[in-house]
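Peer 1: Below are the sequence and a predicted model; questions follow.
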Amino acid sequence: MARLDDYINAKKIAADKLSKKSVDEIAKGSEFKMAGDNKIRAPFLDRVYRVSWPDFGFEDEAYEKQEIPIQEQVLILHYMMGAGDSSVTGNWIAYREMPGASFYFSAFVKRAIEPLKKVFGQNIAELVKASTSMNGTAIETGAAGFEFQVFPKVPLRLIVWEGDNEFPAEANILFDEVIGQILSPEDAAWLAGMLVYRIIRTSSYPPPITD
């Protein structure tokens with residue numbers, strides 16, 4: 001598991017590399033909008049951050065004094081680094097199909113797939129409610145499926161098959177094929193987990209205890 005020092009170092013490396021690009025070049029490649037002079041507006045899940053250039057400080061647009069998790073900062077900077085000239089393909093792949101993903105597969109399952117199954121495998125209605133409130137777009141697959149535009153060039157699809165007395169619940173998370181050009185397998189696993197846990201926090205999980 002990565003330590004705090006690892007994330008701090010990863011942010012420094014990413015910021016150093018990005019500082020060599022112009023703010024306009026970064027905004028164009030990432031498809032983020034500018035937020036005034038030398039600031040980029042970066043929506044991420046249910047938050048919007050303002051990222052300053054060239055120091056790459058982060059500020060929550062709605063809660064200016066709130067501390068932004070370093071993991072989220074690193075993911076956003078890595079997205080800015082990798083987006084470049086890439087484009088969404090419309091071809092959906094499983095995590096295993098990402099180049100180099102096998103090493104991180106168990107972490108991906110533990111961080112994203114298992115929580116998704118555990119919380120929503122017997123409660124599809126709550127998944128629908130929470131995903132809708134997170135601006136997910138319903139797709140016709142599984143018992144319920146939603147597509148999320150996590151970054152302008154990084155859509156994710158969450159799919160859950162409801163469990164019953166005979167069959168256990170199942171879940172999957174799909175990525176546009178372009179993900180391998182933009183983020184590392186480790187980053188993609190963290191991103192999927194962050195989305196799942198944000199949806200869980202938005203939901204009513206755990207369900208209230210009734211008599």
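Peer 2: That came through, no problem. Residues are numbered from 1 along each chain as shown.

Peer 1: need the strands for the protein, in chain order.
Peer 2: 33-34, 39-44, 47-52, 58-60, 92-94, 137-139, 144-151, 154-161, 170-176 (DSSP state E).

Peer 1: just so I know, which of those lies nearest residue 112?
Peer 2: strand 170-176 (5.8 Å; Cβ to Cβ). Backbone N, C-alpha and C define where each C-beta goes, glycine included.

Peer 1: quick one: contacts of the closest one?
Peer 2: Around strand 170-176, the neighbours that count as contacts under Cβ atoms under 8 Å, 6 or more residues apart in numbering are 88-95, 98, 112-113, 116-117, 120-121, 142, 154-161, 163, 188, 192, 196.

Peer 1: swap the cut-off to 6 Å and go again
Peer 2: Under the contact criterion Cβ atoms under 6 Å, 6 or more residues apart in numbering, strand 170-176 has outside partners 88-89, 92-93, 112-113, 116-117, 155, 157-161, 192.

Peer 1: for those, which one is nearest residue 168?
Peer 2: Closest approach between the contacts of strand 170-176 and residue 168, by Cβ to Cβ: residue 117, at 7.9 Å.

Peer 1: Tell me how far the closest one lies from residue 94.
Peer 2: Going from residue 117 to residue 94 by Cβ to Cβ, to the nearest Å gives 15 Å.

Peer 1: just residue 137 next, same as before
Peer 2: From residue 137 across to residue 94, the span is 20 Å (Cβ to Cβ).

Peer 1: Check residue 113 too.
Peer 2: 10 Å.

Peer 1: quick one, longest helix in this protein?
Peer 2: Counting by DSSP state H, the longest helix found in the chain is helix 185-202.

Peer 1: now for that one, which elements pack on it?
Peer 2: Packing partners of helix 185-202 (3 or more Cβ pairs under 6 Å, 6 or more residues apart in numbering; DSSP states H and E): helix 70-83, helix 114-120, helix 124-133.

Peer 1: can you tell which of those helices is closest to residue 53?
Peer 2: Residue 53 lies closest to helix 70-83 among those, at 9.9 Å (Cβ to Cβ).
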